[in-house]
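Peer 1: need the 3D shape of this:
(one chain, ligands or ions: 2)
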Amino acid sequence: MHVDLHASYRDTAEGIAAKDYLSACVHCGFCLATCPTYLDNQDERDSPRGRIYLIKQLLETGSASATTQTHLDRCLTCRSCETICPSGVQYGALADIGKHLVEAQVKRPIVSRATRWLLRKTLSNPTLFARLLRIGQFFRPLTPEFLRNKIPPKQNVKTPPSQSPESQSRRMLALQGCIQSAATPNTTAATQRVLHKLGISLISENKAGCCGAVNYHLNAHNDGLNDMRKNIDAWWPMIEPDSGPGVEAIISTASGCGSMLVDYGRLLADDPTYAAKAQRVSELSKDISEILLAEDLQSLTPHTSIGKVAVHTPCSLQHALQLPDAVTSILSKAGFDLADTTESHLCCGSAGTYSILQSDISERLLDKKLVALNIDQPALIATANIGCQLQMGTKSKIPVRHWIELLDESAS
Ligand code: SF4
Ligand code: SF4
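Peer 2: Numbers count the residues shown, from 1 in each chain. Ligands and ions are numbered 1, 2, ... in the order given. Predicted structure coming up:
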């Protein structure tokens, strides 16, 4: 696709990068069939190709309308279109630029601006989010049903194994995350126990916080990049200690956060202070499934049957991290009975803050997803990302859990 950049973007890093991404698109339209929003409303402007044309128009004219903003806002950034694209268009990176440039052009109504600001300030701050969640959980029994379902109940966390950093020969660093650490703390505790059985010590650093995805995907790029720099500073002494070897990997148990970590190198490439460190963080970043795929799981074989497990592989795991079969492969290797499912490539509608900002589309996608996951009468749903877990938990009739908890409990 040929793009003639408008003068206002011609010498900018975003304009040049976007032109590069756009040039790979050959307008074939293969991506339409896998786009959840296009399948939802059949409007080409809510398809990858349609959005690509809208971004091209912005780059060539130097201006955008509220209509363009609406169609870009409706994109889940699920990157299903990237997986299917025969030309290798990096749609996710392009959409981030397109949304950011439109944000600078089109002023949102005050309610929209206030909502987005509030989401950024609360969700990217683990301490504040944890406090608000505790208040919500305290009043949960008194709230109406539609609201109660959106507040995850307090989790019982089994004590993780006590471990000094020297207790095991192998050491990995955990990304605690902001929402998961407050809403489902058992995920990290279960990961710690599973890795402990494999001779790996999982350590964490409390000075690290949100991976940057909340701010970055709400078009506050500078705040998102600062979240990333803060994490790099917190982790660096463990990556390159003054003496001894550094950690083997940085583990994420929320694939949405993991897909942000692998992008640190690209996003901070122009920062002379952080570029090399960011690249190192990206190289060390691994989803927990990647680690377990390479380990001998004999010691984790389940003792009892828990019934059929329907696996929901999050978009971030299958399309961004390109690990579509990792969870099913680990669970079936470990002896779990996996349920048949359909439409596994389609998003559950969670997509970060999408379920709040685009609630109508999100609800329809969730309904479809739950039907697709329940065709084989599973006993529970297993997933790999906190956003999907909470989203499906609002309506699912069966438990929705992180798959690492199943591995942990069944083998203990
Ligand atoms: S599949 Fe790829 S090349 Fe074809 S229209 Fe979609 S983005 Fe463009
Ligand atoms: S990222 Fe997902 S929602 Fe957005 S255009 Fe691609 S397939 Fe559609």
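
Peer 1: quick check: residues of this protein near ligand 2?
Peer 2: Counting by CB under 6 Å from any ligand atom, the chain comes close to ligand 2 at 34-37, 48, 51, 75-81, 91. To be clear about C-beta, it is placed using only N, CA and C from the backbone, and glycine gets the same treatment.

Peer 1: okay, those in TSV with pLDDT, neighbour count and secondary structure next?
Peer 2: Below are the residues of the chain next to ligand 2 laid out as TSV (pLDDT from 0 to 100; neighbours: other CB atoms under 10 Å; DSSP: H, G, I helix; E, B strand; the rest coil):
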residue	pLDDT	neighbour count	secondary structure
T34	95	21	helix
C35	97	24	coil
P36	96	27	helix
T37	97	24	helix
P48	97	28	helix
R51	97	27	helix
C75	97	25	coil
L76	97	24	coil
T77	95	22	coil
C78	96	29	coil
R79	96	25	coil
S80	96	22	helix
C81	96	26	helix
Y91	96	29	helix
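
Peer 1: nearest to S355 among these?
Peer 2: Taking CB to CB as the measure, L76 is the one of the residues of the chain next to ligand 2 closest to S355, at 9.9 Å.

Peer 1: show me what contacts the closest one?
Peer 2: By CB atoms under 8 Å, 6 or more residues apart in numbering, the contact list for L76 reads 36-37, 315, 347, 349, 351, 354, 365.

Peer 1: not including adjacent chain positions, what is the nearest residue to the residue most central in space within the chain?
Peer 2: Centrality entry for the chain: nearest residue to the mean C-alpha point is G256, 1.2 Å, by CA atoms, centre = their mean. Excluding its sequence neighbours, the residue lying closest to G256 (CB to CB, 6 or more residues apart in numbering) is S316, at 4.5 Å.

Peer 1: which pLDDT value goes with the one you found?
Peer 2: Listed pLDDT for S316 reads 96.

Peer 1: pretty sure it is touching T383, no?
Peer 2: No - S316 is beyond contact range of T383, at 10.7 Å (criterion: CB atoms under 8 Å).

Peer 1: before we move on, the earlier item: out of the residues of the chain next to ligand 2, which touch ligand 1?
Peer 2: Among the residues of the chain next to ligand 2, ligand 1 is touched by 48, 81 when using CB under 6 Å from any ligand atom.

Peer 1: return the distance of the helix or strand containing the residue nearest to the centre of the chain from the chain's centre.
Peer 2: If you go by DSSP states H and E, G256 is part of helix 255-261. Put simply, helix 255-261 sits 5 Å off its chain's centre (CA atoms, centre = their mean, to the nearest Å).

Peer 1: next secondary structure after it?
Peer 2: helix 264-267.

Peer 1: from the contact counts, what lies against that next one?
Peer 2: helix 221-239, helix 275-284 (3 or more CB pairs under 8 Å, 6 or more residues apart in numbering; DSSP states H and E).

Peer 1: sketch out the low-pLDDT regions of the protein for me.
Peer 2: For the chain, the stretches with pLDDT under 70 are 159-168, 301-304, 411-412.

Peer 1: which parts of it belong to which domain?
Peer 2: Annotated domains of the chain cover 7-105, 170-292, 300-410 [automatic domain parsing].

Peer 1: gap between the residue nearest to the centre of the chain and L357?
Peer 2: As judged by CB to CB, to the nearest Å, G256 and L357 stand 16 Å apart.

Peer 1: quick one: residues contacting the residue nearest to G256.
Peer 2: 255-256, 258-259, 385.

Peer 1: closest one of the contacts of L76 to F146?
Peer 2: The shortest approach to F146 among the contacts of L76 belongs to G349, at 16.0 Å (CB to CB).

Peer 1: need phi/psi at that closest one.
Peer 2: phi 90, psi 0 (degrees, to the nearest 10).
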